[in-house]
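Engineer: Got a sequence here, can you model it:
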Amino acid sequence: MNRILPTIVISQFFCTSLWFAGNAVMADIALRFNLSNSYLAYLTSAVLLGFITGTLAFAVLAISDRFSPSKIFFSCAIISAVINLGITLNEISSVELMLFRFLTGFLLAGIYPIGMKIAADHYQKGLGKSLGFLVGALVIGTAFPHFLKSMLATLPWKYVIYSTSLLSTIGGFAMLFLVPDGPFRKTSQKLKLNSFMQSFKNEKFKSAAFGYFGHMWELYSFWVFVPVILTTYNNRHLNTNLDVSLLSFVIIVVGSLACLFSGLIAERFGAKKIATISLAISGLCCIISPLILVSSSSVVLLTFLLIWSMAVIADSPLFSTLVAQNAPDATKGTSLTIVNCIGFALTIISIQFIDALRNKIDAQYIYMFLAIGPAFGLGALLKKSKVSKS
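Structural biologist: Presented below is the predicted three-dimensional model:
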C-alpha cells in the first residue's frame, strides 16, 4: 500500500510531460514550418481541444466508472507516447502537426482525471493531501519539457519529444503493474449517457465545480504566457538575457510545492478556506500585473511570477478534493472527468482571448483580464457558504 501514492504521483508526472512537449520546442517548430509566434496559442489550444473532446467522450461513456482505471491509464499512456513521436517525422505539414497534438490531448483525458480517480479509489481519508501530491506531479510534468529543452540545448529539438514519450511509456507500465484498482472503487455496470450531469444537481458539488472553472480561466493562460512574459522582458531590456526555457520551468514547477503545502494545511483549516485564499491571491496578482511587468528589476519580476505561480495552482487539488467528496461514489470518475472537460474548455477561450488582446492593447495590461476567472470562482465559493468545508 505504501507504494501506491508514490507510483501514482510519478506516473502522473511522467505521462503529463507530454502536455507541453510541443510548447517547449515551439521556437524550433515555428522555424521549421515558417510559422508566426502566435502559433503557440493555436498549438496549445489543439492539445486542450483534444483533451476536452477526450474528457467529454470519457464522461458520456462513463469509461472510468465502468472499466479498470489503471488499465485505462496504461493504454492512454502508451498510445499517446507513440502519437507524440509523430511531430518528429520529417514529412509532416502544419495541419498534421496540429492533429498529432490534438490526439495527444485526447489521450491525456485518460491520464490526468483518471489519475485523480485512482487516487480517490485508494484514499478517502487524507484525499486533499493525496491530490496535492498528484496535482504537484502534473505541474512538474507540465514544466518538465521546458527543463529538458534547456538541458538538451546542444542537441536537436526532437530529443525533447523522444524523452517525453519514453517517460510516458515508463509511467504507463508503472501504473499497470504497481497500482491495482482501489478498495473504495465502486463499479457502474450500466451505461447512462446523461449520468455525467447528475452531480450538478448537488449544490455543494456545483459550487465546488464553479470555483474550479474560475480557477481554470486563469491557470493555463498564465502557464502558456510565462515564456512570452520573459521574452517580452528580454526585448524591453536589451542588456538582460534571461534564460527563458530554464526560468519558465522554475516558475511553473514551483507551483508543485504550493500544491503539496495547500494539501497539507487543508487537512487542518479546510479545503474551501485554503482554496478561497489561494484564488484571492492569484486574482490580486492578475490585477496588479501591469505595475510589475514594466519593472526595470528582473528580481522584482521573477519574484512576482514565482508568487503568482504558487497562488495560481495551490487551489487546484483542493477543488478536485471538493468535487470528489461531493460526487456520487458510483460516478465519481465521470464527475471528475466532466468538470475537467468544462474547465479546460474555458481554458481554450481564455488563451485565445489573451492572445487576441496582444494585438489590441499594451502587453502590460492584458493579464489583468485573467482576474475574470478568480472573481467568478470566488463568487461561487462564497455564495451562501454551500461548499463542504471538509
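
Engineer: remind me which residues of this protein are low pLDDT?
Structural biologist: For the chain, the stretches with pLDDT under 70 are 1, 36-41, 187-198, 384-390.

Engineer: Could I get the full set of strands for it?
Structural biologist: Assigned by DSSP state E, the chain shows no strands.

Engineer: separation between the residue of it most remote from its centre and A363?
Structural biologist: The C-alpha centroid of the chain is most remote from N239, which lies 33.8 Å away (Cα atoms, centre = their mean). Look at N239 and A363: by Cβ to Cβ, to the nearest Å, they are 20 Å apart. No exception for glycine: its C-beta is placed from N, CA and C like everyone else's.

Engineer: how much space between the residue farthest from the centre of the chain and L302?
Structural biologist: 16 Å.

Engineer: Same question for A363.
Structural biologist: 17 Å.

Engineer: how about the residue nearest to G373 when sequence neighbours are not counted, what does it touch?
Structural biologist: Using Cβ to Cβ, 6 or more residues apart in numbering and skipping the chain neighbours, the partner closest in space to G373 is W217 (2.7 Å). Going by Cβ atoms under 8 Å, 6 or more residues apart in numbering, W217 touches L346, T347, I349, S350, L370, I372, G373, P374, F376, G377.

Engineer: could you redo the last one with a cut-off of 10 Å?
Structural biologist: 343, 346-347, 349-351, 353, 369-377 (Cβ atoms under 10 Å, 6 or more residues apart in numbering).

Engineer: where do the helices sit along the stretch 51-200 of the chain?
Structural biologist: 63-66, 69-84, 94-108, 112-122, 127-151, 158-178 (DSSP state H, counting those that start in this stretch).

Engineer: Indicate which one of these is closest to L284.
Structural biologist: helix 127-151 (20.7 Å; Cβ to Cβ).

Engineer: That closest one to helix 112-122, inter-axis angle?
Structural biologist: Put simply, helix 127-151 runs at 140 degrees to helix 112-122, going by axes from the mean of the first three to the mean of the last three Cα atoms, to 10 degrees.

Engineer: now stretch 278-296: how far from the chain's centre is it?
Structural biologist: Mean-position distance between stretch 278-296 and its chain equals 21 Å (Cα atoms, centre = their mean, to the nearest Å).

Engineer: Restricting to C-alpha, output it in PDB.
Structural biologist: The C-alpha coordinates for stretch 278-296 follow below in PDB (Å, rounded to 0.1, in the frame of the first residue of the first chain):
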ATOM      1  CA  SER A 278      -5.300  31.000  -2.900                       C
ATOM      2  CA  LEU A 279      -7.900  32.200  -5.500                       C
ATOM      3  CA  ALA A 280      -8.000  35.600  -4.000                       C
ATOM      4  CA  ILE A 281      -4.200  36.000  -4.100                       C
ATOM      5  CA  SER A 282      -3.900  34.900  -7.700                       C
ATOM      6  CA  GLY A 283      -6.700  37.200  -8.600                       C
ATOM      7  CA  LEU A 284      -4.800  40.100  -7.000                       C
ATOM      8  CA  CYS A 285      -1.700  39.100  -9.000                       C
ATOM      9  CA  CYS A 286      -3.700  39.500 -12.200                       C
ATOM     10  CA  ILE A 287      -4.900  43.000 -11.100                       C
ATOM     11  CA  ILE A 288      -1.500  44.300 -10.100                       C
ATOM     12  CA  SER A 289       0.400  42.700 -13.000                       C
ATOM     13  CA  PRO A 290       0.600  45.900 -15.100                       C
ATOM     14  CA  LEU A 291       2.600  47.500 -12.300                       C
ATOM     15  CA  ILE A 292       5.100  44.700 -12.100                       C
ATOM     16  CA  LEU A 293       5.600  43.700 -15.700                       C
ATOM     17  CA  VAL A 294       7.200  47.000 -16.600                       C
ATOM     18  CA  SER A 295       9.600  47.000 -13.600                       C
ATOM     19  CA  SER A 296      13.200  47.600 -14.600                       C
END
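
Engineer: Could you check how many residues crowd around N34?
Structural biologist: As a burial measure, N34 scores 7 neighbours (other Cβ atoms under 10 Å).

Engineer: try L31
Structural biologist: So L31, with other Cβ under 10 Å, has 11 neighbours.

Engineer: can you pull the contacts of it?
Structural biologist: V25, W157.

Engineer: and the longest helix for the protein?
Structural biologist: helix 203-236 (DSSP state H).
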